[in-house]
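[1] need coordinates for the below:
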Amino acid sequence: RRSQWLQKEGYQIIRFWNNQVLQQKEAVGDIIWTALNKPDNHPHPDPPLKGEGAGKNNLALMGIIP
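    This is a model prediction of the structure:
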């Protein structure tokens, strides 16, 4: 249900196994970079005004980078 709600809100979900993140960092980074740079990857047409860093592509908020 959480994934469905996030997708409905305009978020793209990418899942990785823990060992992929730990052992294949470059490949995981490439997948994330590719997803962020898709031509159809655009901000939500009516983003909430929650302050700096509230964008859906903020990797730090997603726990991907410190």
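
[2] please count neighbours and contacts with C-alpha atoms only from this point.
    Will do.

[3] can you pull the buried residues of stretch 18-32?
    Buried residues in stretch 18-32, counted by 16 or more other Cα atoms under 10 Å: residue 28.

[4] just the residues contacting that stretch, thanks.
    The contact list for stretch 18-32 (Cα atoms under 8 Å, 6 or more residues apart in numbering) reads 14, 16.

[5] end to end on that stretch, go ahead and measure it.
    By Cα to Cα, to the nearest Å, the extent of stretch 18-32 from end to end equals 15 Å.

[6] same question, stretch 20-28
    Stretch 20-28 end-to-end distance (Cα to Cα) = 7 Å.

[7] list the contacts for residue 7?
    Contacts of residue 7 (Cα under 8 Å, 6+ apart): residue 13.

[8] in this structure, which helix or strand is least confident?
    Here the helix or strand of the chain ranked lowest by mean pLDDT, DSSP states H and E is helix 2-8, holding a mean of 90.

[9] okay, and for this structure, where does confidence drop off?
    41-66 (pLDDT under 70).

[10] mind running it again at 80?
    39-66 (pLDDT under 80).

[11] going along the chain, name the helices of it.
    For the chain, helices defined by DSSP state H occupy the ranges 2-8, 18-23, 25-36.

[12] before I go, just wanted to say thanks for your time.
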